[in-house]
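*Asks:* Pasted the sequence and its predicted model underneath.
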Amino acid sequence: MDERTEPWPAVVVGAGQAGLAASYHLGRLGIEHVVLDADEGPGGAWRHRWDSLTMHDVHGVADLPDDHAPAPDPAGRANQVVPARFAAYEARHGLPVVRPVRVERVEDAGGGLLRVTAAPADGRVRGWTTRTLVNATGTWTRPFVPHYPGLERFAGLQVHTHDYPGAEAFRGLRTVVVGAGASAVQLLGEVALVTDTLWVTRRPPVWRTDDFTPEAGREAVALVEDRVRRGLPPASVVSVTGLVLREQERAAEALGAYADPRPVFSSVEPHGVRFADGSVEPVDAILWATGFRPAIGHLAPLRLRSAAGGVQLDRHGTTAVADPRVQLVGYGPSASTIGAQKAGRFAALGVRRALRGEAVGPASADPAGAAVTGAAAR
């Protein structure tokens, strides 16, 4: 699909939940497009999740527009069930996915066009010219590990959530779990059953005591939407929903794994971690449940970042204010199973607006009342 003389009306980068939703809605609007996906097969980031993550743990992750597949077996492995459902969805709706294609760069090609360039494959550089872009690359390829003094001298095992091999890899290794999000809670619930653990967090964990209703989900998304409308770096939806212990974590709770987490250490020793009060805890492994950052480095030539450090989006939460030809899904409020479907529809409508030459909606005002612009950046 790259051997084309005419520009594409739209190119979608990424075929995870948000990318497939965008492709579906583009098709419904009659907008010709191509979806470029870096993976060898369907499933997005869920192809790479750890084996112990089941569909019971990731409720709603496989939901897609016009998806009539039966509810999956709660005990089914997410890294098998989700790819199978996405593959069936792509086939059922005839979505134009091309893979594997790893996009390296998106730049202005002049004349109102964008140029999408992929990493060389088979000795050749591949490129696509397009009038609009839907970026759906999510965060999975950018795991974040904060730096602490002495980290490079640590002699034990270090693993990020991205590469979590299962609890057995930590058996008998005193493990410090770093992070205050849902992944930290889930992984601590597994690792604490096979070894001694220590939980540290940069901020105190926020526990949710009420039911997580659809209304609560929408409120959480709205909080993140407010940040991206102001051009601030997005916070994760999970960070504003609060934490809940599920039945599968009750055994770890009984062992005291979640009791009194300590503030994060100040430095790392070869065989332990040192806290601000000077005390040292011996540890054999560090499990970094410290999250991910948006995988948008390939968009750098477009200079989308605002002076506030994030990509400012319009009132719909998908259109880049600095360049309305670009839609971002799987970014900010849509970097979750809660917001992905809605973002796909809004992105398709944003593409249609851009193709028609319609202006992007006004920027939101900051708390002081001044409009935040999307200018200035890198």
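*Replies:* Nice, thanks for sending it over.
*Asks:* for the closest residue in space to G43 that isn't next to it in sequence, what are its contacts?
*Replies:* Take G43 and drop its neighbours on the chain: the residue closest to it by CB to CB, 6 or more residues apart in numbering is P83, 2.9 Å away. Where you see a C-beta, it was placed from the backbone N, CA and C, and this is true even at glycine. For P83, the contacting residues are G41, P42, G43, W46, R47, by CB atoms under 8 Å, 6 or more residues apart in numbering.
*Asks:* Quick check: phi and psi on the third one?
*Replies:* Reported as degrees, to the nearest 10, the phi and psi values for G43 are phi 120, psi -20.
*Asks:* Could you give the number of residues near it?
*Replies:* By the criterion of other CB atoms under 10 Å, G43 has 25 neighbours.
*Asks:* Kindly report the same for the first one.
*Replies:* G41 sits with 14 neighbouring residues when counted by other CB under 10 Å.
*Asks:* cool, and the fourth one?
*Replies:* One way to gauge burial is a neighbour count; for W46, by other CB under 10 Å, it gives 23.
*Asks:* still on that earlier bit, list the buried ones in the helix or strand harbouring the residue nearest to G43?
*Replies:* Secondary structure assigned from DSSP states H and E places P83 in helix 78-93. By neighbour count on 16 or more other CB atoms under 10 Å, the buried set for helix 78-93 is A78, N79, Q80, V81, V82, P83, A84, R85, F86, Y89, E90, H93.
*Asks:* hang on, the earlier thing: spatially, which two of the contacts of P83 are the most separated?
*Replies:* Spanning the widest gap among the contacts of P83 are G41 and W46, at 11.1 Å by CB to CB.
*Asks:* ok, then the element right after the helix holding P83?
*Replies:* Beyond helix 78-93 toward the C-terminal end (DSSP H and E), the next one is strand 97-98.
*Asks:* which residues sit against that next one?
*Replies:* For strand 97-98, the surrounding residues in contact (CB under 8 Å, 6+ apart) are M1, D2, A15, S23, V34, V35, L36, D37, P42, E90.
*Asks:* how about a cut-off of 7 Å?
*Replies:* Applying CB atoms under 7 Å, 6 or more residues apart in numbering, the contact partners of strand 97-98 are M1, A15, V34, V35, L36, D37, E90.
*Asks:* residues contacting the nearest residue to G14 once chain neighbours are set aside?
*Replies:* In space, and not counting its chain neighbours, G14 is closest to A136: 3.4 Å by CB to CB, 6+ apart. Contact analysis of A136 by CB under 7 Å, 6+ apart lists V12, V13, G14, G16, A18, G19, A22, V329, G330.
*Asks:* Dump the residues you listed to a markdown table, plus pLDDT, distance to G278 and neighbour count.
*Replies:* What follows is those, written out as a markdown table (pLDDT from 0 to 100; distance: CB to CB, whole Å; neighbours: other CB atoms under 10 Å):
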| residue | pLDDT | distance to G278 | neighbour count |
| --- | --- | --- | --- |
| V12 | 98 | 52 | 33 |
| V13 | 98 | 48 | 28 |
| G14 | 96 | 46 | 28 |
| G16 | 93 | 45 | 25 |
| A18 | 92 | 46 | 33 |
| G19 | 95 | 49 | 29 |
| A22 | 96 | 52 | 36 |
| V329 | 93 | 47 | 35 |
| G330 | 84 | 43 | 32 |
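*Asks:* ok, so of those, who is nearest V264?
*Replies:* Nearest member of these to V264, counting by CB to CB, is G330, at 27.8 Å.
*Asks:* what about A251, which SS state?
*Replies:* Judged by DSSP: H, G, I helix; E, B strand; the rest coil, the three-state class of A251 is helix.
*Asks:* V194 is in contact with that one, correct?
*Replies:* No - contact between A251 and V194 fails when scored by CB atoms under 7 Å: they sit 11.2 Å apart.
*Asks:* which one of these two has more residues nearby?
*Replies:* More neighbours surround V194 than the other of A251 and V194, with 16 against 13 (other CB under 10 Å).
*Asks:* Tell me how far the closest residue to that one other than its chain neighbours lies from E249.
*Replies:* Closest residue to V194 apart from its sequence neighbours, by CB to CB, 6+ apart: R171 at 4.4 Å. Using CB to CB, to the nearest Å, R171 is found at 18 Å from E249.
*Asks:* Look at those two and report which has more neighbours.
*Replies:* Using other CB under 10 Å, the more surrounded residue of R171 and E249 is E249, with 19 against 12.
*Asks:* Just to check, that one is in contact with G189?
*Replies:* Yes - E249 lies in contact with G189 (CB under 7 Å); the separation is 3.5 Å.
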